[in-house]
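1. what follows is a predicted protein model with its sequence.
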Amino acid sequence: MAHPALDLSGITVTFGGIHALTDVNLTLKPGQIHALIGPNGAGKTTLVSVLSGELKPDHGTVRLSGENINSLKPYQRARRGLLRTYQLTALFQHIPLKQNILLSLEARDRARLSIGDLFRFGVSKRYASEVAEILENFKLTDKADVVPSSLSHGDRRRLELAMAIIANPSVLLLDEPLAGLSTADAVALVEMIQHQLRGKTPVLLVEHDMDAVFSLADEITVMVNGNVLLTGSPEEVRNSEEVQAAYLSDEDDF
C-alpha cells in the first residue's frame, strides 16, 4: 500500500505559552489537491512553516512519502521534493525568462551547475523544444526575452508555477498563489493548476479565494485558532454549519 504523499500527525507549536497549533493532523494523498483554509490567525502560515522545515514543532511528526522528515532542514526537504512556491521564483532576476527556464531544466538533470553552464554545454539546443512547450503552456512565449524583474505580477506567478513543475516535486506547497492577481490572471492560473498539476503532483494549497479553493480542491482542511475544525470534501465543507459559523460568511456565494 502506497504511503501518503504527506502526512502530519499531532503537530503542536507553542510560542511563549500560546498554542499556535494544537494536535493538527493532515494527510495529502498522491495526486491530490488538498486545500488548507481558515481565517487570519488560524495557524495556516505556522503549519506551512513546519512543513517546509523553517519551524520545528514542539510535538508531532511530518512524514514525506512515509519518511519522518522532522530533523531535515528546508534545503534537505527541497532535495527530497518538498517544495514551496516562494523557493521557486526565477533563479536570476536579470537574465531573460527563457534563460531562467533553461537553467531550471539543466538543474533538474544535473547535480551541480552555474549560469556559465548555459553556454558551455549546448543547453539551448538540447532543451529547445521543451522550453518552447513550457513557454506556450504558460502563456509566456511573448515574454521569452523579458527579464523576470520586468514581468507583471501575473506573469511571475505563471513562471513560478512553470519552474515548480520543471523541478518534478514530490509535494508542492502553493502558498496563496492568487494573492494580488487580477481576476483574469487568477482565472488563468487556476486553469493552469488544474491542467498541469491535478492527478500528477500532490499539492497543498493555502488560499483565501474560496471560488478557487472549491474549484481546485479534492479535499479541504479548515483551521480555526490553531485547531482543525473539519477535513472533508468540498461539499462537506460547503454544507458544514460549523464552518459557516466559524469562517464562511453568510454573504459568500458557494
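-> Looks like it arrived, so ask away. Numbering: from 1, shown residues only.
2. poorly predicted segments of the stretch 1-150 of the chain, please.
-> Scanning the stretch 1-150 of the chain for pLDDT under 70 picks out 1, 86-91, 111-123.
3. where along it do the strands fall?
-> 6-15, 18-28, 33-37, 59-64, 67-68, 82-84 (DSSP state E, counting those that start in this stretch).
4. dump those strands to JSON lines, plus distance to Asn100.
-> C-beta coordinates here come from the backbone N, C-alpha and C atoms, glycine included. JSON lines is the format used below for these (distance: least, Cβ to Cβ, whole Å):
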{"stretch": "strand 6-15", "distance to Asn100": "28"}
{"stretch": "strand 18-28", "distance to Asn100": "28"}
{"stretch": "strand 33-37", "distance to Asn100": "26"}
{"stretch": "strand 59-64", "distance to Asn100": "27"}
{"stretch": "strand 67-68", "distance to Asn100": "31"}
{"stretch": "strand 82-84", "distance to Asn100": "16"}
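5. for the residue most central in space within the chain, grab phi and psi.
-> The centroid of the chain falls nearest to Leu174 when counting by Cα atoms, centre = their mean (2.0 Å). Here is the backbone geometry of Leu174 (degrees, to the nearest 10): phi -100, psi 100.
6. grab the nearest non-local neighbour of it.
-> For Leu174, ignoring the flanking residues on the chain, the nearest one in space by Cβ to Cβ, 6 or more residues apart in numbering is Leu205 at 4.8 Å.
7. show the subsequent helix or strand relative to the one helix or strand that neighbour maps to.
-> According to DSSP states H and E, Leu205 maps onto strand 203-206. On the C-terminal side of strand 203-206, the nearest following helix or strand under DSSP H and E is helix 210-216.
8. and for that next one, what's in contact with it?
-> 33, 35, 37, 178, 186, 190, 193-194, 198, 205, 207, 220, 234, 238, 248, 252, 254 (Cβ atoms under 8 Å, 6 or more residues apart in numbering).
9. buried stuff in it?
-> 210, 212-214, 216 (16 or more other Cβ atoms under 10 Å).
10. coming back round to it: of the contacts of helix 210-216, buried ones?
-> 33, 35, 37, 178, 186, 190, 193, 205, 207, 220, 234, 238, 248.
11. out of these, flag the one nearest to Pro74.
-> Leu205 (19.5 Å; Cβ to Cβ).
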